[in-house]
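Visitor: Below are the sequence and a predicted model; questions follow.
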Amino acid sequence: MDVKPAMVKELRERTGAGMMDCKKALVEASGDLDAAAELLRKQGQAKADKKSSRVAAEGRVVLKSDEREGRYALVEVNSETDFVAKDDNFRGFAERVAGVVLDKRPANVEALMGLAADGRTVEESRLELVTKVGENINVRRFEVVESKGNVGTYVHGARIGVLVELEGGTPELARDMAMQVASLAPRYLSSDDVPKDVLAKEREIIVAQTAEEKKPPEILAKMVDGKLRKFVDEITLTGQVFVKDDKKRVRDVLAANKAKVKGFRRFEVGEGIEKKSSDFVSEVMAQASQTR
């Protein structure tokens, strides 16, 4: 049948699919826009299934907030390449997902994917995006913080996002704490939060490192204890050197401001995901082959 350009344009605007895919779907659906849109969704699911095993370790971290309600949402959405992570369609999808998380506060990612945004579910929007960009797209994780206290937020280059909940202090201090967490990536809040097995393993490593030192046992024991304290300070927020004044520790800054950190969340794009080795030229060639 003869498919008019206006029909292709309308279907493309509705689904985000490529022009040729829209034209083929309209021909197969005998010009029925709704049927063509449904066909494209099914094709998107098929493409997503094929790509689901491909590693998606790039992407964006998005932070949304409603300070009047005291609600904050941190979301990580992944793509396979940094090229797609910078695409306007991907950015728009990530922003919409974060908006849904902020407004609806779903229990988990599975529940999130079934929620509606702009007339379609998050999962339907994801499938449409997979069809359009030709990559595996995942909504990996999110956190929602609800607090009437001081909440510090910071996003660095869309790759690192931080929320810090403060008791006491000031909004400026909360912001400083968020930048601290973004910069030095503490694993725990304070020494009390470091698991015993982590301490035991590090002590074992330090003892092995100092085994060749020709010093009395009591001196070696003090060396081990000192190195262990340094290790704990480096991995805990309150023990770290304050990034804005290296003569102070974070615990000293908090004490001086009569403040306490109740908790923090830090997302970094792709952390913990085993990435495949690649190079820029290969990524571009892959993108080019998918758009032909």
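Guide: Alright, I've got the coordinates. All values derive from a computational prediction rather than experimental measurement. Residues are numbered from 1 along each chain as shown.

Visitor: I figured Ser125 hits Asp118, correct?
Guide: Yes - using C-beta atoms under 8 Å, Ser125 is in contact with Asp118, at 7.4 Å. Placement of C-beta: from N, CA and C, glycine included.

Visitor: between these two, which one's more packed in?
Guide: Counted by other C-beta atoms under 10 Å, Ser125 and Asp118 do not tie: Ser125 has more neighbours, with 24 against 12.

Visitor: Give me the pLDDT for that one.
Guide: The confidence metric pLDDT takes the value 91 at Ser125.

Visitor: and it, helix, strand or coil?
Guide: Under DSSP: H, G, I helix; E, B strand; the rest coil, Ser125 falls in the helix class.

Visitor: Chain neighbours aside, what residue packs nearest to it?
Guide: The shortest distance from Ser125 to any non-neighbouring residue, by C-beta to C-beta, 6 or more residues apart in numbering, is to Phe93 (6.0 Å).

Visitor: For Val8, see how far away that neighbour is.
Guide: 22 Å (C-beta to C-beta, to the nearest Å).

Visitor: More neighbours: which of the two?
Guide: Phe93 (26 against 20).

Visitor: shared neighbours of Ser125 and Asp118, anything?
Guide: Residues touching both Ser125 and Asp118 (C-beta atoms under 8 Å, 6 or more residues apart in numbering) are Arg96.

Visitor: Quick one: residues contacting the residue nearest to Ser125.
Guide: By C-beta under 8 Å, 6+ apart, the neighbours of Phe93 are Val77, Ser125, Arg126, Leu129, Ile137.

Visitor: how about 7 Å then?
Guide: Val77, Ser125, Leu129 (C-beta atoms under 7 Å, 6 or more residues apart in numbering).

Visitor: so what's the backbone phi/psi at it?
Guide: The phi and psi values for Phe93, taken as degrees, to the nearest 10, are phi -60, psi -50.

Visitor: what does Gly70 give?
Guide: phi 70, psi 40.

Visitor: From what I see, it and Glu146 are in contact.
Guide: Yes - the criterion here is C-beta atoms under 7 Å, and Gly70 meets it with Glu146 at 5.8 Å.

Visitor: what helices or strands is the helix or strand in which Val77 is found leaning on?
Guide: Assigned by DSSP states H and E, Val77 belongs to strand 71-79. Strand 71-79 sits against strand 58-66, helix 88-104, strand 138-146, strand 160-167, strand 260-268, with contacts defined as 3 or more C-beta pairs under 7 Å, 6 or more residues apart in numbering; DSSP states H and E.
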